[in-house]
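Asker: what follows is a predicted protein model with its sequence.
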Amino acid sequence: MLLAVSHILARIYILEMESIQSLRGTRDILPEEVGYWQWVASVAEETLARGNYQEIRTPIFEPTALFERGIGEATDVVGKEMYTFCDRGDRSITLRPEGTAGVVRAYIERKLFANPGVQRLWYMGPMFRYERPQAGRQRQFHQLGVEVLGSDDPRADVEVIAVAVDILKSLGVTNLHLNLNSVGDRTDRQNYRQALVDYLTPFQDELDQDSRDRLTRNPMRILDSKDERTQEITRDAPSILDYLGERSQSHFERVQYLIKELGISYTLNPRLVRGLDYYTHTAFEIISDDLGAQATVCGGGRYDGLVQELGGPEVPAVGWAIGLERLIILLQQLHQPPQVTPELYLVSRGEKAEANSLILAQKLRQAGLRVELDLSGSAFGKQFKRADRSGAVACLVLGDAEAIAGTVNLKWLKSGEQTVFNQVDLIAKADQIKQQLIANN
């Protein structure tokens, strides 16, 4: 009996001591990688500001009905991939699997449609889908997205594509290709859907299992299958471009004309249908040759019926989302990680000096300088070695004698040259010191 209890206690202790690890499909973004994310955010924010896009931030979780109605219950996202749970009020809640539905919900709820003119919105943040994790695809992933609400003009379609291209080019991303299609309006798709089902039904037994399931629920998604045999079958399937009505055809022709006028090359891809039910008319993807199987960096299109579907007025809209994990993989292949290093490294030794160093470092930071304060309390020699490794341009040296006198030594790490400053003067000359640091970097 005592042995059994001892064994149980030992097992409990082992379990308690085992390290807790991140969940499958999630990952930590460590400091050496964060520079890429900050770079993307700053380039995107600057580029979008030039087009008068305004940032919007919506909740990470929403009522499940928002996605069932907005995305479509027949989609894989809603049927298989959502993180859905009941809260303590017995309400069905879902972690957002994409950004557009939440933005449209906010647009309706906050009556943004009452504002004059077109609403140009952008967002960036985490999304959640229960998928098989692989390179560039996680269960918690991040998207940068834009939504233009209130215009059915083909220029809006082309503007959002051009903005995405501008962001990617500003980041130095190359080997990109734009795939373009039109999925028409609701009537066009109904006509095409029947023609596609008629074509595929004789091949039903040869389709992959997912495609057989989609044949009655969402047959257009079969065109997006990655199964080789299904791809062979759909190669000769009817093209949706042959089923576009006059209005849809006119809209798509104008989109293509304007894209050419901007000098953006593209490929017509009638198999491009996107994975969500709300798309109408223009659909597009920006593909990278450097990403292997998961090649889509940006995807989007027009969704003229979604606002009304979610209870708002009849408002046309168009937008896209960039998968940031895939974009970061591209940037890591193309560029060295952006690094933020201190301009000054402050070393100190002695009780008075260490107290003074904290005050001095904080005042210099408030004056606009990047200062790393050595907190080790070790000998000056060891602190100097850390200063050399930090990437700082110069080192501030503070001992008890300097603290009492109100001075500090500035040592240029490359040349070894030193200058003694009064601390008050150093802070007052922060802008001048910054220019010297830049010149000596």
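Answerer: That came through fine. Numbering: from 1, shown residues only.
Asker: OK, contacts around Gly319?
Answerer: Thr100, Gly145, Val146, Glu147, Val148, Val160, Gly300, Gly301, Tyr303 (CB atoms under 8 Å, 6 or more residues apart in numbering). Quick note: C-beta positions are derived from backbone N, CA and C, even for glycine.
Asker: of those, which belong to strands?
Answerer: Counting by DSSP state E, these place Gly145, Val146, Glu147, Val148, Gly300, Gly301 in strands.
Asker: can you give me the neighbour number for the closest residue in space to the fifth one that isn't next to it in sequence?
Answerer: This points to Gly300. In space, and not counting its chain neighbours, Gly300 is closest to Trp320: 2.7 Å by CB to CB, 6 or more residues apart in numbering. For Trp320, the neighbour count with other CB atoms under 10 Å is 22.
Asker: what's the helix or strand for Trp320?
Answerer: According to DSSP states H and E, Trp320 maps onto strand 317-323.
Asker: kindly report the same for His177.
Answerer: Using DSSP H and E, His177 falls within strand 176-182.
Asker: helices and strands around that strand, which ones?
Answerer: Strand 176-182 sits against helix 154-170, helix 246-261, strand 266-268, strand 280-288, with contacts defined as 3 or more CB pairs under 8 Å, 6 or more residues apart in numbering; DSSP states H and E.
Asker: most tightly surrounded among the ones you listed?
Answerer: Of these, the one with the most neighbours on average (mean count of other CB atoms under 10 Å) is strand 280-288, at a mean of 23.
Asker: average pLDDT across that one?
Answerer: Average pLDDT, strand 280-288: 93.
Asker: what pairs with that strand, parallel or antiparallel?
Answerer: Sheet pairing of strand 280-288 (DSSP bridges) gives strand 176-182 (antiparallel), strand 296-302 (antiparallel).
Asker: in TSV, list those strands along with mean neighbour count, mean pLDDT and distance to Leu344.
Answerer: Below are the strands paired with strand 280-288 laid out as TSV (neighbours: other CB atoms under 10 Å; pLDDT from 0 to 100; distance: least, CB to CB, whole Å):
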stretch	mean neighbour count	mean pLDDT	distance to Leu344
strand 176-182	21	94	40
strand 296-302	24	93	39
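Asker: quick one: which of those is nearest Arg129?
Answerer: Checking these against Arg129 by CB to CB gives strand 296-302 as the closest, at 14.1 Å.
Asker: and for stretch 230-240, what are the contacting residues?
Answerer: Stretch 230-240 is contacted by residues 181-184, 188-189, 192, 195-196, 199-200, 203, 206-208, 211, 220, 222-223, 225, 270-271, 273 when judged by CB under 8 Å, 6+ apart.
Asker: mind checking which of those residues land in strands?
Answerer: Under the assignment DSSP E, the contacts of stretch 230-240 contribute Asn181, Ser182 to strands.
Asker: re earlier: give me the residues contacting the strand holding His177.
Answerer: 161, 165, 168, 240-241, 244, 248-249, 251-252, 255-256, 259, 264-273, 281-289, 297.
Asker: returning to what we had before: now the helices and strands packed on strand 176-182 in TSV, with distance to Glu68?
Answerer: Shown next, in TSV, are the helices and strands packed on strand 176-182 (distance: least, CB to CB, whole Å):
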stretch	distance to Glu68
helix 154-170	26
helix 246-261	27
strand 266-268	32
strand 280-288	19
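Asker: on that earlier part again, would you mind getting the angle between the strand holding His177 and helix 246-261?
Answerer: If you take axes from the mean of the first three to the mean of the last three CA atoms, to 10 degrees, strand 176-182 sits at 160 degrees to helix 246-261.
Asker: who does the helix or strand following the strand holding Trp320 touch, helix- and strand-wise?
Answerer: Per DSSP H and E, the first helix or strand lying C-terminal to strand 317-323 is helix 324-334. Contact here means 3+ CB pairs under 8 Å, 6+ apart; on that basis helix 324-334 packs against helix 31-50, strand 140-149, strand 296-302.
Asker: right, I'll call it a day here.
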